[in-house]
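Q: predicted model follows, preceded by the sequence.
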Amino acid sequence: MALGFLDLYDCNLQLWHQDSVAQSPGYALFDSGKYVFGEAARATARLRPRDVSTRYWWQLNTEPLQPSLGPARHTGDIAHAQLVDLHHQSMKADEILLAVPGSMQKEQLSLLLGIVAQCPFKAVGMVNRSVALGSLHSCGEDLWHFEVQLHQILLTQLKNTDDRVH
């Protein structure tokens, strides 16, 4: 059984499994009784800005949505729906390793694990995406990872010590 890899980068969520990759930017539109994610929602954002949400990964929580977006009670519901949609687009991995941005707070990580527990796949691990990307470079020097997300910029200093990235 091949392990899937889910990169939770809100500009373009990506799920790799076997030889396929499913991609979906962090845009959600509720239209005609269903959610539309990714490029289709992004294409509608300028025409219907009040009907498109882009902050649900950045503000992942269980606070009531203001304004509402379809039947979702909070941003966690939208994130869950996008993860299920992304999983259906892929080769449907049973087990997934999550790469999460370092900007996610402990409460958000906890909520994310609860959301994933309700998805049709199992999370087998979670890694900071900056560390995962930095581990690909074995230069032996300290690195900086500069990440431009939809609503914030994250700068992470990575230390290389004893062939490990911290």
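A: Yep, it's here.

Q: where do the strands of this protein begin and end?
A: Using DSSP state E, the strands of the chain run over residues 4-7, 13-17, 20-24, 28-31, 34-37, 52-53, 95-100, 122-128, 143-148, 153-158, 160-161, 164-165.

Q: partners of the fifth one, with directions?
A: Same thing as strand 34-37. strand 28-31 (antiparallel) (DSSP bridges).

Q: pull out the buried residues from the partner strand.
A: Ala28, Leu29, Phe30 (16 or more other C-beta atoms under 10 Å). Backbone N, C-alpha and C define where each C-beta goes, glycine included.

Q: again with stretch 93-109
A: In stretch 93-109, counting by 16+ other C-beta under 10 Å, buried: Ala93, Ile96, Leu97, Leu98, Ala99, Val100, Pro101, Ser103, Met104, Gln108.

Q: thinking the fifth one is in contact with Val127, fair?
A: If I follow you right, that is Ala99. Yes - with contact defined as C-beta atoms under 8 Å, Ala99 reaches Val127; the gap is 5.4 Å.
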